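>>> Kindly generate the corresponding structure for this input.
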Amino acid sequence: MAQVNTIMSELLSLFPRYEFEKLEDRYNANHYTKYFGGWQQLIVLLFAQAGRKDSLRDIETSLSVHHSKWYHIGLQGIKRSTLSDAMSKRSYQIYEGLFYKLLEKCKSVTPKHSFRFKNDLYSLDSTTIDLCLSLFPWARFRKRKGAIKLHYLYDHSGSLPSFMVMTDGKKHDVRVARSEDKLDFALLPDSILSIDKAYIDYKWLYSLDQRGVYFVSRVKENMKHEVTGQHKPLKHKQIIGDDLIKLTGFYTMKKYPDQLRIVGFVDPETGKYYEFLTNNMDLAATTIAKIYKSRWQIELFFKWIKQNLKIKSFLGTSPNAVLTQVWVAMCYYLLLAYIKYQTKYKHTITELSRMIGEGLMNRINLLDILSLNVKTLNKAREPIPQLALF
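Model (predicted):
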């Protein structure tokens, strides 16, 4: 009877190995490497992510315990110094490229967002991760504080991160949005982008409009404009206004010369009044308000990755080491999302992550543990032989 592979080996089988090898060749990843190539590094970092390992010593010790199962996952060896050198020297772009290959795979199985319209819906935002300035001097944020910013384009279809870039903590959000070609490539015509006021740059917003991308944001308090007419009669008691406007500021009217729309909305739960700015003239005013409210999902995504992925404590101090770990963490998140949607797993992605982490090096089929819970998983583990005293 054939022996069942470990869950770890099944996770690795989901990666497009051929595409990964092409990325290794492109970035010359295995130059002067004896055995610990880019794929070996991926195995170790994925093990650290799924098993929630905090240090190089922790990773080395944990993998050494499972030495008899290295064959099943394709691991040849692990030393702290070798992993440390690889994190510092092997280009993070290999794992960035792998992320986008996995993203294509995930999008083939993820469900659509909950809105009725068929447009792709995204939210753009960033989250800050504090760092020790003495260990990460390149990440200076303030006089005695270090930090990095992770900028994400969040796809509401499947709750997937469709784009990520890391900058220092001082980098303004809109500067990243303006300068990233990959972000422009991700936002296809007819897409809807939800952003907060930090991204309001009228020249950039106009470039989105010219490419056929819709945006929804909050109105800045100092925005000078004039009302040119009512968009549609008000039909909902929560909608206070739905007006067409033109910018009247000396510079802003040059940066955005076309017509815009302002929707006034009263939140029924808090009674607070909000004004939303958009270039979409087709959707109902209530839908515009709900689109902006859906931005809260990206905040929940930030909270989840900080609590469940190893992106707050790092295995190396160089920018390359940090980016390598972040990109592998994002690859692991995509694996979890792919498994959840492909198998129609009925519980949360958090529950799935815990189940995989608990049985990572066990010889159990991945599909088998999806029907278990943490209690029943203990019964499915391999029996541990008792030590004889005599």
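
>>> list the contacts for residue 308?
350, 353 (C-beta atoms under 8 Å, 6 or more residues apart in numbering). (Glycine included, C-beta is placed from N, CA and C.)

>>> Could you measure from it over to residue 302?
Note on residue 308: its distance to residue 302, by C-beta to C-beta, to the nearest Å, is 11 Å.

>>> With residue 38 instead?
Residue 38 is 28 Å from residue 302, by C-beta to C-beta.

>>> So between those two, which is more surrounded?
residue 38 (22 against 18; other C-beta atoms under 10 Å).

>>> Compute the number of surrounding residues for the residue nearest to that one when sequence neighbours are not counted.
Closest residue in space to residue 38, ignoring its immediate chain neighbours: residue 29 at 4.2 Å, by C-beta to C-beta, 6 or more residues apart in numbering. Neighbourhood size, residue 29 [other C-beta under 10 Å]: 22.

>>> Could you do residue 18 as well?
8.

>>> mind listing what residue 19 touches?
With C-beta under 8 Å, 6+ apart, residue 19 has these contacts: 97, 98, 101.

>>> so can I have JSON lines of those residues showing distance to residue 16 and secondary structure?
Listed next are the contacts of residue 19 as JSON lines, based on distance: C-beta to C-beta, whole Å; DSSP: H, G, I helix; E, B strand; the rest coil:
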{"residue": "97", "distance to residue 16": "10", "secondary structure": "helix"}
{"residue": "98", "distance to residue 16": "8", "secondary structure": "helix"}
{"residue": "101", "distance to residue 16": "5", "secondary structure": "helix"}
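
>>> could you dump those to a markdown table with pLDDT, neighbour count and distance to residue 75?
Listed next are these as a markdown table, based on pLDDT from 0 to 100; neighbours: other C-beta atoms under 10 Å; distance: C-beta to C-beta, whole Å:
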| residue | pLDDT | neighbour count | distance to residue 75 |
| --- | --- | --- | --- |
| 97 | 95 | 19 | 22 |
| 98 | 96 | 23 | 18 |
| 101 | 94 | 17 | 22 |
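
>>> Now do the strands in this protein.
In the chain, the strands defined using DSSP state E lie at 121-131, 140-142, 145-155, 160-168, 192-194, 214-218, 225-230, 239-247, 260-266, 273-278.

>>> The last one - which strands sit beside it in the sheet, and in what orientation?
Take DSSP bridges as the rule and strand 273-278 pairs in its sheet with strand 214-218 (antiparallel), strand 260-266 (antiparallel).

>>> could you dump the last one to CSV, C-alpha only?
So that's strand 260-266. C-alpha atoms of strand 260-266 as CSV (Å, rounded to 0.1, in the frame of the first residue of the first chain):
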residue,chain,number,x,y,z
LEU,A,260,-17.8,64.7,-11.1
ARG,A,261,-20.6,63.4,-8.8
ILE,A,262,-21.1,63.9,-5.0
VAL,A,263,-23.4,61.6,-3.0
GLY,A,264,-24.5,62.8,0.4
PHE,A,265,-25.3,59.9,2.7
VAL,A,266,-26.4,59.5,6.3
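
>>> Report the buried residues of the lengthiest helix in the chain.
Longest helix in the chain, counting residues (DSSP state H): helix 319-343. Within helix 319-343, the residues that qualify as buried are 319-341, counting by 16 or more other C-beta atoms under 10 Å.

>>> just to revisit the earlier point, where among the strands of the chain is the average confidence lowest?
For the strands of the chain, mean pLDDT drops lowest on strand 140-142, to a mean of 88.

>>> Return the distance of it from the chain's centre.
24 Å (C-alpha atoms, centre = their mean, to the nearest Å).

>>> how long is stretch 193-211 from one end to the other?
Taking C-alpha to C-alpha, to the nearest Å as the measure, stretch 193-211 stretches 12 Å from start to finish.

>>> Flag every buried residue along that stretch.
193, 194, 195, 199, 200, 201, 202, 204, 205, 206, 208, 209.

>>> from the strands of the chain, which stretch is densest packed?
Per residue and on average, the most neighbours among the strands of the chain fall to strand 192-194, with a mean of 24 (mean count of other C-beta atoms under 10 Å).

>>> Provide the strand pairings for that strand, with the direction of each partner.
On the basis of DSSP bridges, the sheet neighbours of strand 192-194 come out as strand 121-131 (parallel), strand 214-218 (parallel).

>>> For those strands, give me JSON lines that also has distance to residue 247.
Shown next, in JSON lines, are the strands paired with strand 192-194 (distance: least, C-beta to C-beta, whole Å):
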{"stretch": "strand 121-131", "distance to residue 247": "22"}
{"stretch": "strand 214-218", "distance to residue 247": "14"}
